[in-house]
Structure formats: structure tokens, C-alpha cells
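Student: Fold the following and give me the result.
(2 chains)
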Amino acid sequence: MSKKSFLLLLSLLILFIFGSLLLGKYGFSASEYIEYFAALLSGSDLKEFEIMHTLLTEIRFPRILACLLIGASLAISGAAYQAMFVNPLVSPSILGVLAGAGFGAALGMFFRLSDVLVQLSTFAFGFLAVVFSLLISALYSRSGSVIVLVLGGVISGSLFTSLLSILKYAADPNDSLPAITYFLMGSLSFASKSFMEISIIPMFAGIILLALCGKYLNALSLGEEEAKSLGVNVMRVKIFVILVATFVSALSVTIAGIIGWIGLIVPHIARFVYGADNRAVLTSSAMIGAIFLLFCDSFSRLIFTFEIPIGIVTSLFGIPMFIIILRRAKKSF
Amino acid sequence: MLKKILISLLICLKFVFAMSSSEIDQFISQNSRDFEILTKEPTRVYASNPTLLYLLYALAPEKISGVNFEWNNYERPYLKDYVLTQPVVGGFFGQGKIPNVEMLLRLDPELILVNASSKNVKKMTEIFGSIKKPMLYLSGTSLEDYLKSWQILGKVLNREQRAKELIDYAQNSINLSGKINEYLKTNNIKKLRIYYAQGSDGLSTECEGSQHAILIPLSGAEVVHKCEKESSAYGRVKVSFEQVLKYQPDMVLVYERDFYDKIYSDPKWALLDAVKNKKVYYIPREPFSWFDRPPSFMRFLGIKWLINLAYPEAFKFDIVSEAREFYKLFLGLELNDEQIGKILGKSK
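Tutor: Here you go, the predicted structure:
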């Protein structure tokens, strides 16, 4: 990925961040914004800007941060899975991570565990779901056939979705059921300041770690034998990538519920624009994912007076894009 | 005779509901957040789910600020213009339409009503907490919850007299439920068995014990569909027609109009004795259902309506004048006979 295109993406990202920071249902005029930022920079009293200050720092900014992290996490883990399995159809949701993580989180809420334990259970079941789908595919296809892998993911995803339904059925309708329902709805309005404070560092670290795996994933995509001859410890790389990718996508579930499609579509866009080199694909996927989710979230915030679950918006915009890209994509992977 | 009067008086006394002023204050301090910000009588109140919105509508419609969803066409003619023009902000119910926080901030409600069951839903509390508005947790699940919530809200909104009128009516309906069950017991009358038909095929129903069919036991009848497990909160469980036939209910209550229109002409349903005996009733739903979905204060009229259908000899109600009185008190509407006839549909 050339420096120029990286900077282009970065400026696009910054443009979107500012756009979403300034746009909202609670409108302010340009001069009000200028006055506020002037007061903020000069360190003077913000008392008269109380509403704007609360709105920007407590509501819009944590949400933008959540968009960036979740969009980047889902896209980069999708890209990493695709590169590792040398398979363009794999994504966190297809391998069952999101369904497993959703079930794990709901299970934690069902037993009224503490926040930390809920997060742990989210991650544990997300991981379990991936392992399960890999096991199924390993059982029936020693050569690692694409179709069997996808089927393994479908089975794993459906298993955890139905387990989740059972849990919802059994949950106390007055207490844990609303908690689980609102949680799974998937909305970035749940991304409050306090929640972002806990998640920002582990998620950011996970994204960076994945972005640094490009070289090894390039080696893997040549085939295991080739990778070994290049001195890459295939097993170690695979385990590391699965762990980190599952970790970041499961964390995204704890913040905003299940958001599908990004992990599948964005890596394709990245590959379409920047070619097959995984170093470029991973970094650009993270950035495009962040931009894409910011765009979808702004749409969900601005179009209606109420909000629609973000998963609906991502698939609404993602699917046509995917169709176009599929049509024009070169056969190379 | 004297004994009978005394017993009924005792029943009435037993159910009389009232919280003292200090009890209300105590409830508020335990079930609110940022309430100290509220220094005067609030004029704009946002109810974050439909049940609380209806509760607020009956008590103080002029204070409603923002609604949860677009009003349905069958609701509109009965509602106040002011409420009809309120923006749709969304709310916490079902599976979508989460409130848009900025829209809410723009409306600037002075009080937010939140469902009591969501008190411990941290993420939700954080959403409303971020805009720093006073929140009050109220419940609207059982019929008794309404009395309590109206009394508390009446004090907070300075509508105590209005709250008292609504509570008196509601209390009367609840007492009636006690009386009908007492009546059935003393006269050794077998409980009527009711099938509640929902969905366009009539084959979605509620299990015994479901909150969505609460009026059936309250009116002295029983739900035919017994489930091994407690039904889910959403209700609407599927049954097969053969199962319904096996139940042979004494009466069928129908939620969907299109199903009601075809039940008498469907040869399959004609196998039911209730259909043969013309004991199928459409549940009135304008502006809100008298029975459930949405659960609302209309159920206080629904009790009378259902007792009247199930045990017409027990209390001699004239449902037309009952409905007229109810609509006047709760919705501020003077209905003419034609309108009431339309509301009651064919079940009149």
C-alpha cells in the first residue's frame, strides 16, 4: 500500500470523524461550533456551552470511537480470517464468532454475572464457536475444503443462535430478558463513555497486532509447505491470528451487539482497491471498516427521528456494494 | 343479607389501594435517578415504552413529549391532536426503534419514565444517564401496578385528583374480579373455558398464566391452553387446530379482525361447539385493545366486558353505557351510539 493511498484513506477517515462529530439531530449553527471550539482551545469557561459539551463529549464522541474500533475490528478480523483460510467467504459471522459471542454475553447476563465476567464469557463462547466450526471442517475434510469450512461455520453459527433462543425463552421476562434483548439489538447508542474507557485499549491493541501479521499471512497464503520453507511457524501463526481476531470481534459484540456483513464485505473492497498483498489488505480493511461503520451509523442516527438497529443499515449498504465488487473483482485472491 | 353486605364490604376494604405521601416519597427515592434535578412540576414527560406512554396518556396527555412509534390509523381518531403531533423518538420495547438520544435532547423532556424491569439494564440507564435528565422507574405489568404508578405519577405531575379518579375506577374493576370469583365459588358454577385466538389463522395463543391473557382468569374463566413451561414474555405460542378441537373451548376470543370475519364461514372452525353456539367474540381495540397487545388501562373496561360475556347473569352490565362512561373518564371522549357500535364491532 503506497504512502499516498494510505494518506488518502486517513484523510477520508478524519473527514468522516469530523462530519459525524458535527452532524446530529440536535442541530447547532456553525458559529456556535466555532465559539465552542475556541472556548475549548483557549481553556476558558465552558459553562454556557453545557449542552454542546455534554453532547459532544458524552454522546457523540464515545459513539464515534466505538464506530471506529468496531468497524476496524470486524473488518480486520474478517480480512485476517480470509487470508489465513485462503478463502474469500470466511468472516467472523460466518465462522460463528458473533453468534457464539452473543450467546456468551447473554449467558453472562442470564446468570447476572459482573461486567468483567460477561466480557470473559463473550470471548470464551466466541472462541468456542470458531473452534467448533473448525473441528467440523477438520473432521470431514482433511484437505481443508472451502465448502466444508463454510458449512462448519453455518452449523456452529446456527447452534449458538438456537442456544441463544433457548436462553431468551428461559430468561426472566422482567429482568434478564430485557437486558438480553436490548443487548442483542445491536446499537451504537449503547456505547457510552464509561464502556469505551474499558474497551478502547484492548481493542486498539488487537487491531494493531492483526495489522502486523500481514507478512506472515502472505506466507501462509502461498500454502503451508511454502510457508514452512520460508521459516514461518504455521501452527503458531494460525493460533495467534484466530485468538486475536476472535478477541476483537467478540469485544465488538460486548459494545454494540451483533453487527454482520462488515467482516465479509470490507476485506473484498480493500483487496479490490489495494491488491492481494495482505499487509495492505489488513491496514486498509481496518480503515475502510471504520469509515463504513461511521457512515452507516450516521445514516441510522440522521435519517429517522428514532434509531434503527445498526446491523440492518450495514447489510442494507453492504450487500449492493458486495454485489458490485463481486462482479468486477478479478479472479485473483 | 347483612352478612352478604358485610362480606362484600370487607372485600372492598381489602383491595382498597392507597400509599401515604411518605410512602410515595420513599418509592421515588428508591426508584429514580437524578431526581433532585427536578425542582418544579414537570411539563414535558417522555415515556420510554408504550405501556408507560398509555399510562401517562390517561393521566396527563398534555404533558407527553415524544412518542414511541407512529400512531396506528385506528388509534388516531380517538387521540388528542397535541399527542398526534408529537415526534416519534422510539423507545425500549420489542426488538427495535431505540430512542435517538439527540432527538430526545432536542425535545428536552423534564422527566423520563422508564420501565421498572429495565432498572438494572445498565446499558439503557447509561443512555438516558448521559443526557442527565431525571428518570423515574415505574411498572405497568399487572393491573395493580397501574394503581401504584398512577398514584406516584399523580403526585409528581401534580395531577393527584385526576389520578384518584382513575384509581377509583380501576379499583372498582379489580374488586369486580374478586367478586366474580367469589360468586362462582359460592354458587358452585363451573369455570368457563376460553380459547384466545391470535394471528390471521387464529392458531397463535397464550398459555395459561401468560400476562397477555390476564383478563381471562380475572373474569373468572380459564385459559384452555396449558403449557408445561411458563410461556415466554412475548407470548403468541403456536398451537395446531387439532389441539384447539381437542380443547373444545366454551368461548373463543379473537384478536385479529380478518380472522374474526372468516371464522364462522370456515368449515374447519365450525367443528368447534363455541362456533356452533355463536360464542366467538372480537376484542374491541379502538383506540387501544380492551384485552391486551398493547397492555393498557383499557383492560379495566375489558374486565367488565369479559365478565359480561362469560357470566351475563352475574352482574347486569349495559356494556354500551359502561363504554361511554369509560371513554369519557379515561380518554375525554363523548362517544355517540354509532361510534360505540363501531368499537364493539359484531360482538355488540
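
Student: show me where pLDDT drops low in the chain?
Tutor: Assuming you mean chain A. Low-confidence segments of chain A, defined by pLDDT under 70: A:142-144, A:146, A:328-333.

Student: The chain in question should be chain B.
Tutor: Applying pLDDT under 70 to chain B flags residues B:1-17, B:94-96, B:229-234, B:346-348.

Student: Show me which residues of it are close to chain A?
Tutor: Proximity of chain B to chain A (Cβ under 8 Å from any Cβ of the partner chain) is limited to residues B:69, B:87-92, B:95-103, B:105-106, B:115, B:117-118, B:120-124, B:126-127, B:129-132, B:141, B:211, B:232-233. Just so you know, the C-beta spots here come from the backbone N, C-alpha and C atoms, and that holds for glycine as well.

Student: Show me which of the residues you listed are buried.
Tutor: If you count burial by 16 or more other Cβ atoms under 10 Å in any protein chain shown, the buried members of the residues of chain B next to chain A come out as B:69, B:88-92, B:97-103, B:105-106, B:115, B:117-118, B:120-124, B:126-127, B:129-131, B:141, B:232-233.

Student: For chain A, which residue occupies the most central location?
Tutor: residue A:74 (2.5 Å; Cα atoms, centre = their mean).

Student: Surely that one and residue A:258 touch.
Tutor: No - Residue A:74 lies out of contact with residue A:258 (Cβ atoms under 8 Å); the separation is 10.3 Å.

Student: who's in contact with residue B:115?
Tutor: Counting by Cβ atoms under 8 Å, 6 or more residues apart in numbering or on different chains, residue B:115 touches A:178, B:48, B:49, B:51, B:52, B:92, B:137, B:138, B:139, B:140.

Student: cool, and residue B:297?
Tutor: Here residue B:297 is in contact with B:54, B:55, B:58, B:146, B:166, B:170, B:330 (criterion: Cβ under 8 Å, 6+ apart).

Student: Check the offset of the helix or strand where the last one lies from the chain's centre.
Tutor: The secondary structure element spanning residue B:330 is helix B:319-331 (assigned by DSSP states H and E). For helix B:319-331, the gap between its own C-alpha mean and the chain's C-alpha mean amounts to 15 Å (Cα atoms, centre = their mean, to the nearest Å).

Student: In three-state terms, label the residue sitting nearest the centre point of chain B for me.
Tutor: In chain B, the C-alpha nearest the mean C-alpha coordinate belongs to residue B:296, at 2.6 Å (Cα atoms, centre = their mean). The three-state label given to residue B:296 by DSSP: H, G, I helix; E, B strand; the rest coil is coil.

Student: now residue B:249
Tutor: coil.

Student: Might one say that it is in contact with residue B:272?
Tutor: Yes - using Cβ under 8 Å, residue B:249 is in contact with residue B:272, at 7.1 Å.

Student: With neighbour numbers in mind, choose between those two.
Tutor: More neighbours surround residue B:249 than the other of residue B:249 and residue B:272, with 25 against 22 (other Cβ atoms under 10 Å in any protein chain shown).

Student: okay, now the residue in the stretch 151-300 of chain A that chain B sits nearest to: neighbour count?
Tutor: The stretch 151-300 of chain A approaches chain B most closely through residue A:173 (3.1 Å), counting by Cβ to the nearest Cβ. If you count neighbours by other Cβ under 10 Å, residue A:173 ends up with 18.
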